[in-house]
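Enquirer: Generate a structure from the sequence data that follows.
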Amino acid sequence: MKHLICILTKKHHINNKRRSFCLYFFQLIVFCLLIVFNNSNGFCGKYAVNRIDSSLLENASAVIREHKTVYDIRSLRRASKTHKRAITILKPDARELGNLQLYYKSNRNRIRNLKGVIYDKHGNKIRTLSEDDFSDVSYILHFSVYQDSRVIKTDVHVRQTPYTIKYEYTKNTSGTFLSKLWLPVSYANTSLEKSVYVIKAPETLSFRYKSNNSDELEPVISDYGRRGMKYKWELSNQKAVKPEPYMPAWHEVLPFVQFADNEIVYEGYHGSLETWEDFGRFIAELNAGRQDLSDSTIEHIKTITEGVDDIYEKISIIYDYMQSVTRYVSIQIGIGGIQTDRASSVERNGYGDCKALSNFLQALLDVVGIKSYYTLIRSEGITWDFDPDFSFDYFNHAILCVPLEEDTLWVETTNGLLPAGYIGSTNSNRNALLVSENGGKLVRTPGYNQDRNVISQNISAQINKNGNVEVDIEKTFNELAIERRLAWIGLSSSEQKQKLSDEIKFSRVNVNELTYEINDRIPFSITKKASCEFENYISSAAGRLLFNPLFRHDGFSVPSRTDERIFPLQINSFLVYDDSIEWKLPANFSLSEVPESIEIDECFGYYRLDYQYIEDENILRVNRKMFFRNGQYEAEKYNNFVKFLQQIVSNERKRIMLRPV
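Expert: Predicted coordinates:
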C-alpha cells in the first residue's frame with residue numbers, strides 16, 4: 001500500500017510539473033501574440049500611427065497629435081509658458097517639422113525642463129533626446145550686428161517614416177508684452193488632432209482676445225485659484241490644408257487667436273496697449289528725448305538747405321545726406337527691440353536700425369522746421385488689414401511720415417537706393433501706426449496706382465547677314481516696377497550684363513552695351529538701354545525662316561485646372577506690361593501671313609496683342625499690353641483664370657514664317 005501511494009504521489013507531482021510547463025508555454029504564446037497583435041494594430045502607444053483618424057491623413061505629410069500651451073501670468077513682472085507638442089512625421093518631406101526651434105531673449109527668458117522623445121510608428125519609444133541633441137546658439141540675422149535673441153534647436157535624423165517626436169519645455173519671462181498669436185496649424189499639408197491654449201491670470205490683470213477664421217475658437221472661462229481666472233481654447237480634428245495656386249494669405253485662411261495685454265511691462269517700462277492711442281503713447285514715451293544732434297550736424301543741415309524753398313527738394317537734400325552718412329543694421333538688444341537708439345548715437349556710429357534711422361531723419365528734418373512723425377508698420381509682401389477696434393503689436397518696421405500742405409510724403413530710411421518718398425510694395429497700401437506726443441493713430445499708407453506701375457519696352461530688331469538678330473532695347477520701369485532693377489544699380493558693368501543675359505534666358509545672347517538712367521524724383525523711374533545680339537534665334541526650313549517675334553517677357557507659370565478648388569482665387573499683381581517691337585525683315589524675304597491680333601478682357605486681367613505689317617517697308621510691328629486685376633474671386637472662377645493664362649502663353653509662343661521673295 002505504501003508503495004502504491006508513493007507511485008501515485010510521484011505521478012501527481014509529474015502531472016503538476018507538466019501542467020505548470022503547459023501553463024507557462026501557453027502564457028508565453030499569448031504574450032507573443034499580444035505583441036504581434038498590438039504592433040500590427042497600432043495599440044502599443046498613445047502616438048501609434050494607426051490611432052490617427054483616416055480623415056486626418058488626407059493631404060497630410062505630418063499630423064500634430066497634441067499641442068498644449070499654458071501661459072501662467074503671475075503678475076505684470078512675472079510669467080511662464082509651458083509647452084508640450086507631439087507631431088507625427090508621415091513623409092520625408094515633412095522631416096523638418098520634427099525639429100525644434102525655440103527662440104528666446106537671453107535677458108528676459110529662462111528655459112527649464114527641456115526634453116524630447118522619439119517614438120516609432122507603433123508609439124513605442126525609440127529614445128529620449130540627450131543634451132547633445134539640443135544646440136543653443138545666438139540668433140543673429142544676416143543684417144544684424146547687435147541682438148540678444150537666441151535659439152535652441154535640434155536636427156533629429158530618424159531613418160524611417162512614419163515616426164513621432166515630442167518636445168516639452170517651460171519658458172520663464174520677466175515682464176509681459178502679450179501681443180501673441182495662437183496658430184493651432186501653421187503649416188500646409190499638416191493636420192491636427194488636438195491643440196489647447198490656456199491662459200491663467202489674476203483677475204485684476206485684463207487682456208483682450210480675438211478669434212479669426214473659425215467659429216470654434218471661443219474660450220471656456222473658469223475660476224482659477226483664489227483670485228485668478230482660467231481661459232481655455234481648444235481646437236481638434238482639423239484636416240490638412242493643401243496649398244493651392246493663387247490662394248489667399250495664411251491669416252485669411254487658417255484659424256488663429258490674437259491676444260493683447262491692456263497693461264504691459266517691458267524691460268522695466270510701463271505702458272498700455274488697450275487702444276491704438278495708448279500704444280502710440282507708450283512708443284512716444286520710449287522715444288522721448290532721443291533726437292539729440294551735435295551742433296556741427298545742425299549747422300551742416302542748415303547750410304545744405306539754405307536758399308532752397310521747395311519743400312520736397314529740401315526733404316530730398318536732407319534724405320540724401322542721411323543716406324550718405326549712415327548704413328542699415330539691425331539692433332535687437334533688450335528694450336532696443338522696440339525703442340529707438342539716440343540720434344546722436346547714429347550720428348556718431350554711422351549706422352542704425354529702421355527705428356534709429358527714422359528717428360535720426362526726423363531729428364534732421366526738425367532742424368529746418370519740417371514736422372514729421374515716427375510710424376510703425378508691418379513690412380512684408382502680403383497686406384494684413386488690421387482690425388481698427390483691436391489694438392495689437394502687428395509691427396516689424398518703422399518709417400517716417402511727413403505731412404505736406406497738399407499731400408503726405410512717406411519715407412523709407414533703410415535702403416539708400418530708394419529715392420525720398422518711395423516706400424515700395426512691402427510698405428504701401430496698408431495700415432500703420434502714426435506716433436505723436438498725443439498718442440497713436442491708425443492710418444493707411446498710400447497705394448501705387450496700377451496704371452503708373454508700368455514696364456514699357458521699345459525694341460528694334462533686325463536679322464543680319466549671319467542670320468543672327470541685332471536688338472536695341474529701351475525699357476523703362478516706373479513706380480513700383482523700379483524694384484525689379486534697384487538691386488542691379490550698384491553692380492559693376494560686367495555683372496549687370498551677366499544678369500541681363502541670365503534674365504533673357506536665351507542660350508546664346510551677347511550683351512554689347514548696357515546703361516541705366518535713374519529718375520529719383522516723383523514719379524520715380526529707371527530706364528535701361530541695351531544693345532544685344534541673339535545667335536541662332538532664327539530657324540530655317542525649306543528655305544523659309546521661322547521665329548517668335550516676341551522676345552521672352554517676365555514669365556509666369558500656368559497652374560493646372562481642377563474641379564476641387566477650395567479657396568478663393570487671390571491675385572496680387574501691381575504691374576502693367578506695355579511693349580512695342582519693330583522687326584526690320586530681310587529684303588529678300590516677306591511675311592507669309594500676318595498673324596491675327598487678339599484682345600482678351602476678363603474680370604481678372606487684360607491681354608492685347610496687335611500685329612501690323614507695313615509691306616512696302618517690309619516692317620512688322622508688334623504691340624503687346626498685359627496686366628492682372630488685383631482682387632479676390634470666387635473659387636469657381638479659378639479654371640477660367642487658368643484658361644486666361646493658357647491663352648496668353650499660347651499667343652506668346654506663336655512663331656511667324658518668312659518666305660523668300
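Enquirer: Could you use CA atoms for every contact and neighbour count after this?
Expert: Will do.
Enquirer: Give me the buried stretch members for the helix or strand hosting residue 400, please.
Expert: Applying DSSP states H and E as the criterion places residue 400 in strand 397-403. Within strand 397-403, the residues scored as buried using 16 or more other Cα atoms under 10 Å are 397-402.
Enquirer: try stretch 121-130
Expert: In stretch 121-130, residues buried by neighbour count (16+ other Cα under 10 Å) are 121-125, 129.
Enquirer: Just put the residues you listed in JSON lines and tack on pLDDT, secondary structure and distance to residue 375.
Expert: Below are those laid out as JSON lines (pLDDT from 0 to 100; DSSP: H, G, I helix; E, B strand; the rest coil; distance: Cα to Cα, whole Å):
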{"residue": "121", "pLDDT": "96", "secondary structure": "coil", "distance to residue 375": "51"}
{"residue": "122", "pLDDT": "96", "secondary structure": "coil", "distance to residue 375": "54"}
{"residue": "123", "pLDDT": "96", "secondary structure": "coil", "distance to residue 375": "51"}
{"residue": "124", "pLDDT": "96", "secondary structure": "coil", "distance to residue 375": "54"}
{"residue": "125", "pLDDT": "96", "secondary structure": "strand", "distance to residue 375": "52"}
{"residue": "129", "pLDDT": "97", "secondary structure": "coil", "distance to residue 375": "45"}
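Enquirer: circling back to that earlier point, list the helices and strands the strand holding residue 400 packs on?
Expert: Helices and strands touching strand 397-403, as assessed by 3 or more Cα pairs under 8 Å, 6 or more residues apart in numbering; DSSP states H and E, comprise helix 354-367, strand 373-377, strand 408-411.
Enquirer: Of all those, which one comes closest to residue 609?
Expert: Residue 609 sits nearest to strand 408-411 of all the helices and strands packed on strand 397-403, at 37.4 Å, using Cα to Cα.
Enquirer: for this structure, which spans come out with low pLDDT?
Expert: 1-43, 140-148, 176-178, 331-337, 552-555 (pLDDT under 70).
Enquirer: ranges for the helices of it?
Expert: 2-41, 276-287, 295-304, 311-325, 343-349, 354-367, 486-489, 493-504, 638-652 (DSSP state H).
Enquirer: could you pull out the strands for the stretch 151-300 of the chain?
Expert: For the stretch 151-300 of the chain, the strands defined by DSSP state E, counting those that start in this stretch cover 163-174, 179-182, 190-202, 207-212, 220-224, 228-238, 256-261, 263-266, 269-272.
Enquirer: Tell me which of these lies nearest to residue 90.
Expert: strand 163-174 (6.9 Å).
Enquirer: I'd like the C-alpha coordinates of stretch 158-170 written as PDB, please.
Expert: C-alpha atoms of stretch 158-170 as PDB (Å, rounded to 0.1, in the frame of the first residue of the first chain):
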ATOM      1  CA  VAL A 158      15.200  59.200 -38.000                       C
ATOM      2  CA  ARG A 159      15.800  56.800 -40.800                       C
ATOM      3  CA  GLN A 160      12.300  55.600 -41.500                       C
ATOM      4  CA  THR A 161       9.000  57.400 -41.500                       C
ATOM      5  CA  PRO A 162       6.500  57.500 -40.000                       C
ATOM      6  CA  TYR A 163       7.700  58.500 -36.600                       C
ATOM      7  CA  THR A 164       6.600  60.800 -33.800                       C
ATOM      8  CA  ILE A 165       8.600  63.300 -31.800                       C
ATOM      9  CA  LYS A 166       7.500  65.100 -28.700                       C
ATOM     10  CA  TYR A 167       9.000  68.200 -27.000                       C
ATOM     11  CA  GLU A 168       8.300  69.700 -23.600                       C
ATOM     12  CA  TYR A 169       9.700  72.800 -22.000                       C
ATOM     13  CA  THR A 170       8.900  75.800 -19.800                       C
END
